[in-house]
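Undergrad: Below is the structure, and that's it, no one-letter string:
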């Protein structure tokens with residue numbers, strides 16, 4: 001995807017991954033960082049969602 005975006009726009013964009021904290025979140029975070037990809041692990045409860053959708 002990175003090469004495709006660069007071919008279309010002529011610019012290089014960073015890859016940033018965001019995943020929920022869970023059984024897979026932390027090992028995936030470490031693996032992505034080792035590959036030079038910016039990665040963030042978040043708590044699912046901290047993601048803002050409309051309150052009406054929850055009901």
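TA: Happy to help now that I have it. Remember, predicted model here, so these are calculated numbers, not experimental data.
Undergrad: Identify each buried residue in the helix or strand hosting residue 39, please.
TA: Here residue 39 sits within strand 38-42, counting by DSSP states H and E. For strand 38-42, burial by neighbour count (16 or more other C-beta atoms under 10 Å) applies to residue 39. Yep, even glycine has a C-beta here, placed from its N, CA and C like the rest.
Undergrad: So what's the gap between stretch 34-44 and the chain middle?
TA: Centroid separation for stretch 34-44 versus its chain: 6 Å, with C-alpha atoms, centre = their mean, to the nearest Å.
Undergrad: Give me the mean pLDDT for that stretch.
TA: Average pLDDT, stretch 34-44: 89.
Undergrad: Show me the strands in the chain, by range?
TA: Taking DSSP state E, the strands of the chain run over residues 16-20, 38-42.
Undergrad: Other residues contacting the first one?
TA: Meaning strand 16-20. Strand 16-20 has contacts (C-beta atoms under 8 Å, 6 or more residues apart in numbering) with 25, 28-29, 32, 37-44, 47.
Undergrad: quick one, helices of this structure?
TA: 2-9, 25-34, 51-54 (DSSP state H).
Undergrad: Touching the first one from outside, list them.
TA: Residues outside helix 2-9 that contact it (C-beta under 8 Å, 6+ apart) are 11-13, 15.
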